[in-house]
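Engineer: The sequence and its predicted three-dimensional model are supplied below.
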Amino acid sequence: MSRAQEWRSGFRQWRGRRPFAGGVLLTLAGGEILLTMKAPLPVILHVGMQGLAGYLLPALMVLCGLLILFNPAQRLFYSVVAVLLSLGTWLTSNIGGFVVGILLGVVGSCLAFGWLPDQEPRVSRRRARRADAGTFSSVR
């Protein structure tokens, strides 16, 4: 087994033990909202408080996303805080990063909240059909 295959196998195991998609989406949402805060002046919509809260909420979203990835035991708390932060960016950060950031944040938070750590891996439909076909052929 090559070094790249070992790394890939280790990464897949690490990723499988945490709400990876939710954490990544939440981190991307916070980054996107932070980037829209630095957009050129004609693009920026001054809708709400443009002070510290405009930078604080997306930075906390990035932090929650990273904490979900690296501390999945506390995912429920982090995902509830993150969805509230995502919704708060509607008022503080260019309509939630022009709506893209707020949607990514809410979806990522929901994915992290709904993730179950002790769930058996899903079997593809094709494998399930093959397994069922094998049991029917042995019965006949």
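Structural biologist: Right, received. Where do you want to start? Numbers count the residues shown, from 1 in each chain.
Engineer: which ones are touching the one residue sitting closest to the centre of the chain?
Structural biologist: The central residue of the chain, meaning the one whose C-alpha is nearest the mean C-alpha position (C-alpha atoms, centre = their mean), is residue 22 at 2.0 Å. Residues touching residue 22, when contacts are defined by C-beta atoms under 8 Å, 6 or more residues apart in numbering, comprise 68, 75, 79, 108-113, 115. Every C-beta, even on glycine, is put in place using the N, C-alpha and C of the backbone.
Engineer: and which of these is nearest residue 38?
Structural biologist: For residue 38, the nearest member of the contacts of residue 22 is residue 108. The distance, counting by C-beta to C-beta, is 21.5 Å.
Engineer: list the contacts for the closest one?
Structural biologist: Contacts of residue 108 (C-beta under 8 Å, 6+ apart): 21-29, 65, 82.
Engineer: Let's see that with 6 Å instead.
Structural biologist: Neighbouring residues of residue 108 by C-beta atoms under 6 Å, 6 or more residues apart in numbering: 22, 25-26, 29.
Engineer: how about it, secondary structure?
Structural biologist: helix (DSSP: H, G, I helix; E, B strand; the rest coil).
Engineer: Can you show me the helices along the chain?
Structural biologist: Remark: helices assigned in the chain by DSSP state H are 3-16, 20-37, 52-70, 75-92, 94-98, 100-114, 125-139.
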